[in-house]
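Novice: Fold the following.
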Amino acid sequence: MKEFLLLTPGPTNVPPRVLAKMALPMIHHRTKEFQGILERVNANLAKVFVTKNPVMTFASSGTGAMEATITNLLSKGDVVLSFSAGKWGERYRDIAKVYGMDVKSLEKESGEAFTANEVREALKANPTAKAVLITLCETSTAVCHPIQEIAKVTAASGALLMVDAISGLLCDPLRMEEWGVDVVVCGSQKGFMLPPGLGFVALNERAIAAISKSNLPKYYFNFADTLKAMKKNDTPFTPAVSLIRGLDEALTMMLEEGLENVWKRHADVSAWLRKEVQATGLKLLSKAPAAGLTAIIMPEGIASGDLIKTMRDEHQIVMADGQGELQGKIVRFAHMGAAGTMDAAKKGFAAFSDAMAKAGSPLEQKARS
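Specialist: Okay, the predicted model is just below:
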């Protein structure tokens, strides 16, 4: 079986140390052994979310965790401000609509990011808003939002700042406690260097206080029950034992490296790649680039799907096409998690350059023109 380098915005490659932990013989989850693992995992999750509060783990994708924040913290009819700069902002918005929120949707053109002032103006226009929904990294466009500045605005309002950091956490800096972010959602298959299957939710005190006010139904994704079980290093339902063992190792690896160094590594790789791409004359989609991926606009006559197929078939390197209206128009070159290294980025750029040449648009000629 061929081994591919996944330069996609999830799933990402899983390090051998993590794979080895997940391959260990199964243990029962209602044992002291597993509770010890869970205690260590919960403590280390708080470190990477940069919070003193518990971080809940669910056996789900990140979308499940997003839905859980809606059903546990809000009520039908609540005014919610959705700031959508791409497909994933739209997903948070659509989940809120499904559960009967009064959603006020603000949208940006592809590649653009919202500003703190735009959030301030929206809150002034909607003073009863209960929540602000936004992404840290909008994976469909490689945009990073200024969450620290936005949090200063929402902290002075009655609205919870609910951040989808599924693609951004551990790539773009996010200091939940220090910045005053109320809710952070993440998933396992991106910066966490794990397979898909775990969703994470972190809450601050303001968000925890909102749990008792929510009147929406919840059963499996029940924050009150989950937080209660966590006090005993337990879970309300069967956890994904092997994935949590892998999470334990992945967290250990990242804390060995140091959170600041993890952020710097991603920033350095993304800065290098943007410079290389722009030196060829190609353009970037994002006007506020994220550290976990780069969206490259295709020149006229070049379909991104063709390049992606060439890289996959001839180089065993996988990148992602655009989504929705951007399909065929951009290549999303991810550099997150275990693939967020200079070596992986250089291999990816070499494969990208070869695919461009075979598509009839060699990068070297563009650089000289």
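
Novice: Where do the strands of the stretch 201-350 of the chain begin and end?
Specialist: 283-284, 293-297, 317-318, 320-321, 330-334 (DSSP state E, counting those that start in this stretch).

Novice: nearest to residue 129, of those strands?
Specialist: strand 293-297 (30.1 Å; Cβ to Cβ). In short, each C-beta sits where N, CA and C put it, glycine included.

Novice: just the angle between the closest one and strand 330-334, please?
Specialist: 160 degrees (axes from the mean of the first three to the mean of the last three Cα atoms, to 10 degrees).

Novice: and strand 293-297, which strands flank it?
Specialist: strand 283-284 (antiparallel), strand 330-334 (antiparallel) (DSSP bridges).

Novice: for the stretch 1-150 of the chain, what spans make up the helices?
Specialist: Counting by DSSP state H, counting those that start in this stretch, the stretch 1-150 of the chain has helices at residues 16-22, 32-49, 62-73, 87-98, 116-125, 147-155.

Novice: quick one, which of those helices is packed in tightest?
Specialist: helix 62-73 (a mean of 23; mean count of other Cβ atoms under 10 Å).

Novice: Next, the angle helix 87-98 makes with that helix.
Specialist: 40 degrees.

Novice: any chance of the strands of the stretch 201-350 of the chain in CSV, with distance to residue 11, mean neighbour count and mean pLDDT too?
Specialist: Shown next, in CSV, are these (distance: least, Cβ to Cβ, whole Å; neighbours: other Cβ atoms under 10 Å; pLDDT from 0 to 100):
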stretch, distance to residue 11, mean neighbour count, mean pLDDT
strand 283-284, 24, 16, 98
strand 293-297, 13, 27, 98
strand 317-318, 10, 22, 98
strand 320-321, 11, 20, 98
strand 330-334, 10, 26, 98
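
Novice: of those strands, which approaches residue 264 most closely?
Specialist: Nearest of the strands of the stretch 201-350 of the chain (Cβ to Cβ): strand 293-297, 16.9 Å.

Novice: any weak-confidence spans in this protein?
Specialist: 364-369 (pLDDT under 70).

Novice: Swap in 80 and give it another go.
Specialist: Scanning the chain with the threshold set as pLDDT under 80 gives 1-2, 364-369.

Novice: can you list the domains in it?
Specialist: Residue ranges for the domains of the chain, per automatic domain parsing: 5-10+258-368, 16-257.

Novice: The helix with the most length in the chain packs against which elements?
Specialist: Longest helix in the chain, counting residues (DSSP state H): helix 259-279. Packed against helix 259-279 by the contact rule (3 or more Cβ pairs under 8 Å, 6 or more residues apart in numbering; DSSP states H and E) you find strand 283-284, strand 293-297, helix 342-358.

Novice: neighbouring contacts of the shortest one?
Specialist: When you say that, I think you mean strand 283-284. Outside of strand 283-284, the residues within contact range by Cβ atoms under 8 Å, 6 or more residues apart in numbering are 142, 274, 277, 278, 294, 295, 296, 297.

Novice: Name the nearest residue to residue 114, sequence neighbours excluded.
Specialist: residue 83 (4.8 Å; Cβ to Cβ, 6 or more residues apart in numbering).

Novice: same question but for residue 59, I mixed them up
Specialist: Nearest one to residue 59, counting by Cβ to Cβ, 6+ apart, is residue 240 at 4.3 Å.

Novice: One more: residue 63?
Specialist: Leaving out its chain neighbours, residue 63 is closest to residue 91 (Cβ to Cβ, 6+ apart), at 6.7 Å.

Novice: can you tell me which residues contact the one you found?
Specialist: Counted by Cβ under 8 Å, 6+ apart, residue 91 has contacts 63, 66, 164.

Novice: what do you get for residue 288?
Specialist: 112, 113, 143, 144, 145, 146.

Novice: Looking at these, which is nearest residue 3?
Specialist: The closest of the contacts of residue 288, once distances to residue 3 are taken by Cβ to Cβ, is residue 144, at 30.1 Å.

Novice: measure the nearest residue to that closest one once chain neighbours are set aside to residue 223 for me?
Specialist: The shortest distance from residue 144 to any non-neighbouring residue, by Cβ to Cβ, 6+ apart, is to residue 290 (3.9 Å). Separation of residue 290 from residue 223 (Cβ to Cβ, to the nearest Å) stands at 28 Å.

Novice: re earlier: quick one: closest of the helices of the stretch 1-150 of the chain to residue 171.
Specialist: Closest among the helices of the stretch 1-150 of the chain, using Cβ to Cβ: helix 32-49, at 11.5 Å.

Novice: from memory residue 159 sits against residue 129, does it?
Specialist: Yes - between residue 159 and residue 129 there is a contact under Cβ atoms under 8 Å: 4.5 Å.

Novice: Neighbour count: these two, which is higher?
Specialist: Taking neighbours as other Cβ atoms under 10 Å, residue 159 and residue 129 compare with residue 159 leading, 26 against 20.
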